[in-house]
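In: Only the shape, not the letters, is given here:
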DNA sequence: GTCGATGCAAAGGCTTTGCACAGCC
DNA sequence: GGCTGTGCAAAGCCTTTGCATCGAC
């Protein structure tokens, strides 16, 4: 009854349990990667390379290959969420209920990114999912736009 | 005054003009790539490789490198739109006003993809863009979900 | 002690780039 | 005819994988 919440979210403390259930192990490396994401908070998105760099910087030994493997594992467990930020590489962030409704406003010219939330978007996503009989996991709105500076220069 | 429409959309017939304005040329290859997208319609998203394959199949000689170059060019001109479908490679589709409000419902397990539109999402995107002073170009909602089949199997 | 995880380095996709030739304006 | 675009093949990312060793359970 206390196992897996409906959204796929899991408590940090349940990491070991969840791994054990799958016949997998809690290694320092996996813990370090997850800790890093919890340390930086829900809003931040990191690439595999950035995760690796940060861990190495703080003397936490992990190989890049393991970072890739771990990111994939934690995502498949629902602890991390893979993002699709336009014009960027693959990025990951901590999953959480908040992120079911987590949106990006991106300047396609300079790359400036702003984040926002919107209940109405989530509602629309739920409506669409319902219409097709899907079960909604996450709802990400990418708004591609021009920031004020770049819009001004485009006018040129 | 008849130059660039506010959305960055351009008529096929203006392809030559737009290219000329930039000191670039209308080549058969560029025309073929754009034609292909117009032939298949607004809803379809193709990868570079798929574009290449389809052109080669219909005897239209273009190299893969040129396809990549052309996709980038046409995107920068606003004629094509780059998509970020989760767990997939880069894909392109014909840009159009319709696509300012063009959303995807994706099963994260089997990859099944459905499309839908939603005025309320576009409204939310516009509100967010406005709040930060951005000029909205496009609004893409990616709903990550489980399709009925996969949801049933996950319950397992 | 067993079996999964790690690290390293090599292999693998996909995408971009250098260069000589072709062809649009 | 000049200068941009193309094709080819090589180079470049980013990511995954094979294999021997390490270490969690």
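Out: Done, it's in. Just so you know, these numbers come straight off a predicted model, no measurement behind them.
In: for the longest strand anywhere in chain A, packing partners?
Out: Using DSSP state E, we find that the single longest strand of chain A is strand A:135-146. Judged by 3 or more Cβ pairs under 8 Å, 6 or more residues apart in numbering or on different chains; DSSP states H and E, the packing partners of strand A:135-146 are strand A:103-107, helix A:119-132, helix B:119-132, strand B:135-146. Every C-beta, even on glycine, is put in place using the N, C-alpha and C of the backbone.
In: and among those, the most buried is which?
Out: Highest mean neighbour count among those (mean count of other Cβ atoms under 10 Å in any protein chain shown): strand B:135-146, with a mean of 24.
In: Report the rounded mean pLDDT for that one.
Out: For strand B:135-146, mean pLDDT is 83.
In: Now do it against helix A:119-132: the angle between them, please.
Out: Strand B:135-146 and helix A:119-132 are oriented at 50 degrees to each other (axes from the mean of the first three to the mean of the last three Cα atoms, to 10 degrees).
In: tell me the angle of the longest strand of chain A relative to strand B:103-107?
Out: Interaxial angle, strand A:135-146 versus strand B:103-107 (the same axes, to 10 degrees): 140 degrees.
In: Skipping its backbone neighbours, what lies nearest residue A:141 in space?
Out: Of all residues not flanking residue A:141 in the chain, residue A:103 sits nearest, at 4.0 Å (Cβ to Cβ, 6 or more residues apart in numbering or on different chains).
In: cool, residue A:40 as well?
Out: Nearest residue to residue A:40, sequence neighbours excluded (Cβ to Cβ, 6+ apart): residue A:46, at 7.4 Å.
In: Enumerate every residue touching the closest residue in space to residue A:119 that isn't next to it in sequence.
Out: Take residue A:119 and drop its neighbours on the chain: the residue closest to it by Cβ to Cβ, 6+ apart is residue A:101, 6.9 Å away. The contact partners of residue A:101, by Cβ atoms under 8 Å, 6 or more residues apart in numbering or on different chains, come to A:117-119, A:121-122, A:139.
In: give me that answer again for 10 Å
Out: Residues in contact with residue A:101 (Cβ atoms under 10 Å, 6 or more residues apart in numbering or on different chains) are A:116-123, A:125-126, A:138-141.
In: returning to what we had before: in CSV, list the helices and strands packed on strand A:135-146 along with distance to DNA strand D.
Out: Shown next, in CSV, are the helices and strands packed on strand A:135-146 (distance: least, Cβ to the nearest atom of the strand, whole Å):
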stretch, distance to DNA strand D
strand A:103-107, 18
helix A:119-132, 25
helix B:119-132, 26
strand B:135-146, 17
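In: JSON lines for the ones you listed, including distance to residue B:73?
Out: Below are these laid out as JSON lines (distance: least, Cβ to Cβ, whole Å):
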{"stretch": "strand A:103-107", "distance to residue B:73": "20"}
{"stretch": "helix A:119-132", "distance to residue B:73": "32"}
{"stretch": "helix B:119-132", "distance to residue B:73": "26"}
{"stretch": "strand B:135-146", "distance to residue B:73": "17"}
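In: what's the closest of those to residue A:59?
Out: Nearest to residue A:59 among the helices and strands packed on strand A:135-146 is strand A:103-107; the distance by Cβ to Cβ comes to 32.5 Å.
In: Show me what that closest one pairs with in its sheet, parallel or antiparallel.
Out: strand A:113-116 (antiparallel), strand A:135-146 (parallel) (DSSP bridges).
In: pLDDT-wise, which helix or strand of chain A ranks last?
Out: Ranking every helix and strand in chain A by mean pLDDT, DSSP states H and E puts helix A:148-155 at the bottom, with a mean of 74.
In: ok, back up a step: is the residue nearest to residue A:141 in a bridge, and if so with what?
Out: For residue A:103, the beta-bridge partners under DSSP bridges are residue A:116.
In: ok, it - contacts?
Out: By Cβ under 10 Å, 6+ apart, the neighbours of residue A:103 are A:114-118, A:121-122, A:139-143, B:121, B:124-125, B:128, B:139, B:141.
In: just residue A:143 next, same as before
Out: Contacts of residue A:143 (Cβ under 10 Å, 6+ apart): A:86, A:103-107, A:114, A:116, A:121, B:100, B:121-122, B:124-129, B:132, B:134, B:136-141.
In: now do residue A:58
Out: Taking Cβ under 10 Å, 6+ apart, we find residue A:58 in contact with A:32, A:35-36, A:39.
In: likewise residue A:151?
Out: Residue A:151 makes contacts with A:107, A:109, A:145, B:133-135, B:137, as judged by Cβ under 10 Å, 6+ apart.
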